[in-house]
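Q: Fold the stuff below for me.
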Amino acid sequence: MPSIEKDRIERAARIYASNDAAGSALGIAPGSFGRLCRRYGIETPQARKRRRRNEWKRDVFGMSRDHISCDRLE
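A: Below you'll find the model as predicted:
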């Protein structure tokens with residue numbers, strides 16, 4: 001695996017929407033890109049999508065459950 005500087009990995013993780021695209025931009029496989037991100041503690045595009053999706057679900061569905069009373073569920 002070629003030596004890639006941490007700042008290049010961070011930049012690719014911020015710019016690209018997928019591990020595949022970020023890895024291709026750096027000339028490495030998506031799995032290698034993910035491993036480098038874990039090594040340096042960088043959030044991958046894939047992890048960022050997963051986090052945002054979970055936050056959205058929590059905000060949307062969590063809030064709507066609070067507003068539904070038990071009477072309406074029967």
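
Q: Go through whichever helix or strand E10 is part of and flag the buried ones.
A: When elements are defined using DSSP states H and E, E10 is found to belong to helix 6-15. For helix 6-15, the neighbour count (16 or more other Cβ atoms under 10 Å) marks 9, 12-13 as buried. C-beta: built from backbone N, CA, C; applies to glycine.

Q: For the residues you listed, give me CSV that also has pLDDT and distance to W56.
A: Converted to CSV, the buried residues of helix 6-15 look like this (pLDDT from 0 to 100; distance: Cβ to Cβ, whole Å):
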residue, pLDDT, distance to W56
I9, 96, 26
A12, 97, 24
A13, 96, 20
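
Q: Just give me the closest of the residues you listed to G23.
A: A12 (8.0 Å; Cβ to Cβ).

Q: My read is that the closest one contacts F33, right?
A: Yes - using Cβ atoms under 8 Å, A12 is in contact with F33, at 7.3 Å.

Q: Show the contacting residues for A25.
A: 12, 15-16 (Cβ atoms under 8 Å, 6 or more residues apart in numbering).

Q: Taking their axis directions, whichever helix in the chain runs longest and helix 6-15 sit at what angle?
A: The longest helix of the chain (DSSP state H) is helix 45-67. Interaxial angle, helix 45-67 versus helix 6-15 (axes from the mean of the first three to the mean of the last three Cα atoms, to 10 degrees): 40 degrees.

Q: which of the residues in helix 45-67 are buried?
A: Applying 16+ other Cβ under 10 Å to helix 45-67 flags 45-46 as buried.

Q: Next, show the common contact partners of A12 and F33.
A: Counting by Cβ under 8 Å, 6+ apart, the common neighbours of A12 and F33 are 22-23, 26.

Q: Show me the residues you listed that map onto helices.
A: Short answer: the shared contacts of A12 and F33 in helices (DSSP H) are 22-23, 26.
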